[in-house]
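Trainee: Mind looking at a prediction? Sequence and model below.
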Amino acid sequence: MKKIQALRGMNDLLPETTPAWQHLEATVADVLERYGYSEIRFPLLESTELFKRSIGEVTDIVEKEMYTFDDRNGDSLTLRPEGTASCVRACEEHGLLYNQTQRLWYTGPMFRYERPQKGRLRQFHQIGIEAFGIPGPDIDAELIMLTARLWRDLGIADLVVLQLNNLGTPAARSEYRRALVAFLLEREDELDADSKRRLHTNPLRILDSKVASTQALLNGAPVLTDYLTAESQTHFAQLQQLLSAAGIQFEINPRLVRGLDYYTDTVFEWVTTHLGAQGTVCAGGRYDGLVEQLGGKATPAVGCAMGIERLVLLLQEQNLLPSALDQTCDVYFVALGDVMPAAMALAENLRDQLPYARLILHTGGGNAKSQLKKADKSGAHLALILGEDELNQQQIVIKHLRNDQPQLTLGWSELSAQLQELLNT
Ligand code: ATP
Ligand code: MG
């Protein structure tokens, strides 16, 4: 029979890889806690309308990347392609934004129908961070400083650079859009096919086109920065001052536009040159209009999301990950002959006494040779051996698996103290 396989672009995470993810997730959770952010969780499925209204009808995500289907009632549902829209929906629904600020984070799978390649999947994972109710550039700076600390804690600070831009208000942006379109219409023949299409749907996205001839063409184009209101200019300048004062280096990239419609003013990306084409490991910005757009009271907000797969790839390539081998087991309990009830009771007792120790009890029988082979493979430093003779004497053997120290026979009552000593040295 033909075996059923996973869907293209949707990866299994095998036990050899999960320690890397756990390391990353634990490091992120720790940093976020230290900055006073709380975790929020929301469903993977939402009304399609939520994403259309927030991300924007003519964005790549909504036009061609969403997993959308009708449920049995005929309602259109979508597997979330990102977290910000759901986060705003959940906050509004539960009154979390009423007269208060919120610092929140979440993690989990996101779904986009994209062409799978290195660092680009159809089910990928993000850690998202959002701060609501704070208008000034100080919270933008805090968010960026938090991510900078994270790169330091992970050991990748030297591998990523911060790109910064300000997209201004929606009004300023539409004025700029008119100027850009007028400029490009005169040169439409020289544009690549993708950009030609975008000229009439989402012209700002042409700015981050990967096509070299299009980028060259843009050298003479109007610049968004010239269209910013005085307020946006001040916000941008103050953010730069705060980052400089904090010792955070950045590059201003006037062509950084982001692929989602809800951004206003600040946008940023952390980019690495070590992952090939998919170099953005974290991206975000301000979205002061989104809460209102989704039916709430006007609420300033800023957030970002990092791609876990890309960060794990980066950590892997730099050999910055804990190895899976020495992660699973400290003590392997070999049980020979008819001793299982006592072996299980002893193992449970050890788990009570030594909660930090990782203990595997051999199950499924087998002779001493085969069980000790498993013990060796487990990576454990110590084996416990209980046979029928030991059981009769209420004794047990401790065998060193990684050095030549002689094995030791001792009474059950001494076992946990002895193990504690051996494991701590
Ligand atoms: P990209 O540069 O990959 O097109 P994007 O602008 O679509 O990213 P966002 O929607 O802002 O990205 O998502 C934030 C981060 O999530 C990205 O910077 C990236 O690290 C990660 N990410 C986005 N799409 C994917 C994907 N299909 N597979 C893996 N990671 C992704
Ligand atoms: Mg994308």
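Mentor: Sure thing, it's come through. Ligands and ions are numbered 1, 2, ... in the order given.
Trainee: For the stretch 201-350 of the chain, what lies in contact range of ligand 1?
Mentor: 259, 278, 280-283, 305-307, 309-310 (C-beta under 6 Å from any ligand atom). Where you see a C-beta, it was placed from the backbone N, CA and C, and this is true even at glycine.
Trainee: from those residues, which would you call buried?
Mentor: Buried by 16 or more other C-beta atoms under 10 Å: 259, 278, 280-283, 305-307, 309-310, out of these.
Trainee: any idea which of these is least confident?
Mentor: For those, the minimum pLDDT belongs to Gly259; the value there is 82.
Trainee: quick one: that residue is in a helix?
Mentor: No: counting by DSSP: H, G, I helix; E, B strand; the rest coil, Gly259 is located in no helix; its state is coil.
Trainee: So it is in contact with Gly56, correct?
Mentor: No: in this structure Gly259 lies outside contact range of Gly56 using C-beta atoms under 8 Å: 9.1 Å.
Trainee: on that earlier part again, okay, the residues of the stretch 201-350 of the chain next to ligand 1 in a markdown table with secondary structure next?
Mentor: Shown next, in a markdown table, are these (three-state DSSP):
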| residue | secondary structure |
| --- | --- |
| Gly259 | coil |
| Gln278 | coil |
| Thr280 | strand |
| Val281 | strand |
| Cys282 | strand |
| Ala283 | strand |
| Ala305 | strand |
| Met306 | strand |
| Gly307 | strand |
| Glu309 | helix |
| Arg310 | helix |
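Trainee: And these, which two are furthest apart?
Mentor: Greatest spacing in those, by C-beta to C-beta: Gly259 and Glu309 (17.7 Å).
Trainee: Give me the phi and psi for Val271.
Mentor: Backbone torsions of Val271, given as degrees, to the nearest 10, read phi -120, psi 140.
Trainee: residue contacts, it?
Mentor: 160-161, 163, 279-281 (C-beta atoms under 8 Å, 6 or more residues apart in numbering).
Trainee: Max pairwise distance over these: which two?
Mentor: Taking C-beta to C-beta, the two most distant members of those are Gln163 and Val281; they sit 11.7 Å apart.
Trainee: where do the contact lists of the two overlap?
Mentor: Common neighbours of Gln163 and Val281 (C-beta under 8 Å, 6+ apart) are 270-271.
Trainee: before we move on, the earlier item: pick the one among the contacts of Val271 closest to ligand 1.
Mentor: Checking the contacts of Val271 against ligand 1 by C-beta to the nearest ligand atom gives Thr280 as the nearest, at 3.8 Å.
Trainee: Bridged to that closest one, which residues?
Mentor: Bridge pairing for Thr280 (DSSP bridges) gives the partners Val271.
Trainee: residues touching the residue in the stretch 301-425 of the chain that ligand 1 sits nearest to, list them.
Mentor: Closest to ligand 1 within the stretch 301-425 of the chain is Gly307: 2.4 Å, counting by C-beta to the nearest ligand atom. By C-beta under 8 Å, 6+ apart, Gly307 lies in contact with 119, 124-126, 280-282.
Trainee: now for those residues, which pair is the farthest apart?
Mentor: His125 and Thr280 (14.8 Å).
Trainee: give me phi/psi at Val58?
Mentor: phi -100, psi 20.
Trainee: same question, Asp352
Mentor: phi -70, psi -50.
Trainee: repeat for Val62
Mentor: According to degrees, to the nearest 10, Val62 has phi -70, psi -40.
Trainee: Kindly report the same for Phe236.
Mentor: Dihedral angles (degrees, to the nearest 10) for Phe236: phi -60, psi -50.
Trainee: ok, now Ala171?
Mentor: Here Ala171 shows phi and psi, under degrees, to the nearest 10, equal to phi -70, psi -50.
Trainee: how much space is there between it and ligand 1?
Mentor: Remark: distance between Ala171 and ligand 1 (C-beta to the nearest ligand atom, to the nearest Å) = 24 Å.
Trainee: got the contact list for that residue?
Mentor: So Ala171 contacts nothing (C-beta under 8 Å, 6+ apart).
Trainee: how much space between it and Leu143?
Mentor: 25 Å (C-beta to C-beta, to the nearest Å).
Trainee: do the same with Tyr332
Mentor: Applying C-beta to C-beta to Tyr332 and Leu143 gives a distance of 46 Å.
Trainee: ok, back up a step: tell me which of the residues of the stretch 201-350 of the chain next to ligand 1 is nearest to Thr18?
Mentor: Glu309 (13.2 Å).
Trainee: surely that closest one meets His125?
Mentor: Yes: with contact defined as C-beta under 8 Å, Glu309 counts as touching His125 (6.4 Å).
Trainee: In contact with the residue in the stretch 51-200 of the chain positioned nearest to ligand 1, which residues are there?
Mentor: Going by C-beta to the nearest ligand atom, ligand 1 is nearest to Phe124 of the stretch 51-200 of the chain, at 3.3 Å. Shown in contact with Phe124 (C-beta under 8 Å, 6+ apart): 109-110, 112, 307-309.
Trainee: What of Gly296?
Mentor: So Gly296 contacts 88, 92, 97 (C-beta under 8 Å, 6+ apart).
Trainee: quick one, strands of the stretch 1-150 of the chain?
Mentor: 38-39, 45-47, 67-70, 76-79, 102-111, 123-132 (DSSP state E, counting those that start in this stretch).
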